[in-house]
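Participant: Sequence and predicted structure are below.
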Amino acid sequence: MTGLRYVYAVCRPFGTPLQAELTGIGGAPPALLHHHGLVAVVSTVPEADFCEEALKAHLEDLDWLAATARAHEGVVDALTTVTTPLPLRLATVFRDDSAVRTMIEAREEHFRSLLDRLHDRVEWGVKVYVETETAESAESAEPAPSPARPASGRDYLRRRRESSHAREEQWQRAERFAHGLHERLAERAEEFRLHPAQNAALSGARGQNVLNAAYLVSRKHSEEFVELVDRTKDEAAGLRVELTGPWAAYSFTGEAAS
Amino acid sequence: MTVVERREIALVDLLDRLLAGGVVITGDITLRIADVDLVRIDLNALISSVNEAVPSPFEEVV
């Protein structure tokens, strides 16, 4: 079986060895390829899985995609404990080590400037959800002077209007909260990115996602940042704040924007 | 840092980063993964076709 070189991340050389038991995609151990003062973290993947045709098909296969994404993140996450890695996009594959070296040579200036910008910084993910179920049960728990069945068509329409009005108010409140939270967090972050709101069908998360943001924060200020997020968690009834991280700075490998 | 309890990372959070973030390099085998939006849409379609349709919140049983 022919092998290809999968590249997880590019780093500056680091002294600490990777955990011996660390495995990457397909269970292969990641190796360090030193070149021009940079390190590419690579492993061998089967060509049968990563040639263009196979890859296209695999990317539509949720189980394969999940396993590959988790293996990729597993290696990058291990790197964040010993250095500040520059994570590459999922499924960046080369023929052999020599092609990886050529790639490093072509991009070394770019890599160095990104690595400088991200040095000792991590990414935190913050999401805000409107707890739609809570909202509905709160509505139905209200003392309802009106009978359970609408007395007339007009009555029915009025109740529908009131219910949709309450929902509208909750949305506005959620947006105000999300906006305010984002402003407070962005002040304490060096950069931020707003990801598209997550689709509930895909995430399986309860409620409707109204903020899906990533913040670049120095390691030094991370504890403070996390505490700030934690404190907001009880601020708003019917809303849920979720924190993920620390991540390698996946969302900040493009041009600096903020 | 041990401030945050580490749960298993949700797949969507991973995909937000691994398919939309990270340094994009034209490897030897390149899927120009700008097709990622397509992948996402296909996944959405896949999952919503498996799930039962969510009833509209406005459908009140009268």
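Facilitator: Nice, I can see it.
Participant: so how far is stretch A:16-24 off the chain centroid?
Facilitator: Offset of stretch A:16-24 from its chain centre (CA atoms, centre = their mean, to the nearest Å): 23 Å.
Participant: Any residue of the helix or strand hosting residue A:55 touching chain B?
Facilitator: Assigned by DSSP states H and E, residue A:55 falls within helix A:52-58. Yes - on the criterion CB under 8 Å from any CB of the partner chain, helix A:52-58 is in touch with chain B at A:52, A:55, A:56. (C-beta placed from N, C-alpha, C; glycine too.)
Participant: Summarise which helices and strands that helix is packed against.
Facilitator: helix A:47-50, helix A:62-80 (3 or more CB pairs under 8 Å, 6 or more residues apart in numbering or on different chains; DSSP states H and E).
Participant: winner for burial among the ones you listed?
Facilitator: helix A:62-80 (a mean of 19; mean count of other CB atoms under 10 Å in any protein chain shown).
Participant: Quick one: closest of the helices and strands packed on helix A:52-58 to chain B.
Facilitator: Ranking the helices and strands packed on helix A:52-58 by proximity to chain B (CB to the nearest CB) places helix A:62-80 first, at 4.7 Å.
Participant: so what's residue A:42 scoring on pLDDT?
Facilitator: If you check residue A:42, the pLDDT there is 97.
Participant: what comes into contact with the helix or strand hosting it?
Facilitator: In the assignment (DSSP H and E), residue A:42 maps to strand A:38-46. If you take CB atoms under 8 Å, 6 or more residues apart in numbering or on different chains as the criterion, strand A:38-46 is touched by A:1-14, A:24-26, A:28-33, A:75, A:79, A:85, A:93, A:97, A:100, A:103-104, A:108, A:111-112.
Participant: so which strand or helix has the spatially most central residue of chain A?
Facilitator: For chain A, residue A:125 is the residue whose C-alpha lies nearest the centre (CA atoms, centre = their mean; 6.0 Å). Residue A:125 belongs to strand A:121-130 when assigned by DSSP H and E.
Participant: Same question for residue A:227.
Facilitator: Element membership for residue A:227, per DSSP H and E: helix A:219-232.
Participant: can you tell me if that helix touches chain B.
Facilitator: Yes - using CB under 8 Å from any CB, helix A:219-232 reaches chain B at A:219, A:222, A:223, A:226, A:227, A:230.
Participant: wait, which of the residues you listed is closest to chain B?
Facilitator: Set against chain B, the nearest of the residues of helix A:219-232 next to chain B by CB to the nearest CB is residue A:226 (4.6 Å).
Participant: how far away is that closest one from residue A:215?
Facilitator: For residue A:226, the distance to residue A:215 (CB to CB, to the nearest Å) stands at 11 Å.
Participant: Could you list the low-pLDDT ranges of chain B?
Facilitator: B:1-7, B:27-62 (pLDDT under 70).
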